[in-house]
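Undergrad: pasting the sequence and the predicted model now:
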Amino acid sequence: MIIPEKEIPMHHLTSEKFQMSTLSAAGPENFHDVHRHNFFEIIWFREVYDNSCLELDFESYTLENNQICIIAPGQAFNMKIEGEEGYAMAISREIFNEACDIESVLTGGVLPFFLDPKNEKTCSTILSLIEQEYKATSRTELLKAYLKAFCIIIGEQIKSQEPLLNDRQRIQDLIGFIEKHYIEHKETSFYAEKLKISSHHLNDIVRVLRGTTVKKMIAQRLILEAKRELSFGALTVKEIAFKLGFNDASYFSRFFKKHTGQNPDYFKNNEKR
């Protein structure tokens with residue numbers, strides 16, 4: 001696999017569509033240094049140290065025992081492994097789609113959350129079965145069955161409590177569409193058409209359930225990607241602007257400053273320091 005020098009390193013699953021390891025064995029990949037995945041990753045921190053932490057999209061999170069974190073494809077991620085106990089599973093999009101019925105909730109990943117103690121023993125048993133199968137014949141269908149059972153349990157703690165099922169699904173679909181099209185399409189009307197409702201109705205739903213607007217959701221996604229590139233990549237501000245679909249680098253700079261209060265160059269230099 002060749003990674004362009006100016007890009008944030010992207011970790012891929014190559015020969016396997018599923019990998020599993022204990023954290024004490026350093027996980028299924030090299031966690032050190034900022035990188036991205038093209039797959040989903042579920043990490044269960046069974047036992048950690050007082051100073052154990054991870055960085056996910058510009059935020060640092062102090063870890064505690066019995067927490068689970070789910071990292072979605074594309075997120076900028078960094079974690080130093082120093083012997084913590086737990087499990088890490090790297091899961092291809094294909095297997096995740098088949099085994100887990102919660103992908104729509106995971107477009108932006110799931111921050112570390114505590115596993116309900118009443119589910120700890122069951123989840124531990126399932127992970128032991130996954131580990132046993134992975135180390136033996138590694139039958140894909142059986143691994144997917146175990147993984148689905150695990151995701152059903154943790155998914156009950158993840159799923160949103162938003163009141164209206166149809167509107168909640170529209171929000172999740174919107175998030176997925178934005179993730180796929182935010183660079184090429186920055187207008188509310190495009191997403192309203194994809195969802196087969198009016199722009200006004202879509203904004204009403206987003207305002208009630210998210211307290212924001214579609215335009216702001218798109219802008220937040222663009223700013224997040226810009227911050228990732230400015231902090232961890234080697235592209236110039238002009239190159240980042242074009243990569244994110246801005247024809248005018250000056251407009252991109254104004255857009256970035258409007259939403260962050262900082263010029264891109266200042267943010268980039270400050271983050272590098």
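TA: Sure thing, it's come through.
Undergrad: so where do the strands sit in the stretch 101-250 of the chain?
TA: Under the criterion DSSP state E, counting those that start in this stretch, the stretch 101-250 of the chain contains strands at 110-114.
Undergrad: quick one: low-confidence parts of this structure?
TA: For the chain, applying pLDDT under 70 flags the ranges 1-7, 26-32, 102-109, 159-165, 271-273.
Undergrad: let me see the ranges of the helices in it.
TA: Counting by DSSP state H, the chain has helices at residues 93-99, 117-135, 140-158, 165-181, 188-195, 199-210, 214-232, 237-243, 249-260, 264-272.
Undergrad: with distance to Gly74 added, can I get those in TSV?
TA: (Each C-beta comes from the backbone N, C-alpha and C, glycine too.) Below are those laid out as TSV (distance: least, Cβ to Cβ, whole Å):
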stretch	distance to Gly74
helix 93-99	11
helix 117-135	25
helix 140-158	19
helix 165-181	8
helix 188-195	19
helix 199-210	20
helix 214-232	8
helix 237-243	14
helix 249-260	19
helix 264-272	19
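Undergrad: may I see those organised as CSV, with mean neighbour count and distance to Asn38 added?
TA: As requested, these are exported to CSV (neighbours: other Cβ atoms under 10 Å; distance: least, Cβ to Cβ, whole Å):
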stretch, mean neighbour count, distance to Asn38
helix 93-99, 18, 8
helix 117-135, 15, 20
helix 140-158, 17, 18
helix 165-181, 16, 13
helix 188-195, 18, 24
helix 199-210, 16, 27
helix 214-232, 19, 15
helix 237-243, 18, 17
helix 249-260, 16, 26
helix 264-272, 15, 24
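Undergrad: closest to Val110 out of those helices?
TA: Set against Val110 and scored by Cβ to Cβ, the helices of the chain come closest in helix 140-158, at 5.6 Å.
Undergrad: elements contacting that closest one?
TA: strand 18-22, helix 93-99, strand 110-114, helix 117-135 (3 or more Cβ pairs under 8 Å, 6 or more residues apart in numbering; DSSP states H and E).
Undergrad: contacts for it?
TA: By Cβ atoms under 8 Å, 6 or more residues apart in numbering, the residues outside helix 140-158 that reach it are 17-18, 42, 68, 70, 89, 91, 95, 98-102, 105-106, 110, 113, 115-116, 119, 122-123, 126-127, 129-130, 133-134.
Undergrad: 7 Å instead?
TA: Under the criterion Cβ atoms under 7 Å, 6 or more residues apart in numbering, residues 18, 68, 95, 98-102, 105, 110, 113, 115-116, 119, 122-123, 126-127, 129-130, 133-134 lie in contact with helix 140-158.
Undergrad: picking up where we left off before, so which of the helices and strands packed on helix 140-158 gets nearest Lys216?
TA: Here strand 110-114 is closest among these (Cβ to Cβ), at 20.5 Å.
Undergrad: and Glu82, how many residues sit next to it?
TA: 12 (other Cβ atoms under 10 Å).
Undergrad: tell me how far the closest residue in space to it that isn't next to it in sequence lies from Ile81.
TA: Closest residue to Glu82 apart from its sequence neighbours, by Cβ to Cβ, 6 or more residues apart in numbering: Tyr49 at 6.8 Å. The gap separating Tyr49 from Ile81 is 11 Å, by Cβ to Cβ, to the nearest Å.
Undergrad: before we move on, what about Lys194?
TA: On the measure of Cβ to Cβ, Lys194 and Ile81 end up 40 Å apart.
Undergrad: ok, now Tyr87?
TA: 12 Å.
Undergrad: please enumerate the shared neighbours of the two.
TA: Counting by Cβ under 7 Å, 6+ apart, the residues touching both Tyr87 and Ile81 are Leu23.
Undergrad: picking that back up, relative to Asp167, which of the helices and strands packed on helix 140-158 is closest?
TA: strand 110-114 (21.0 Å).
Undergrad: alright, I will stop here.
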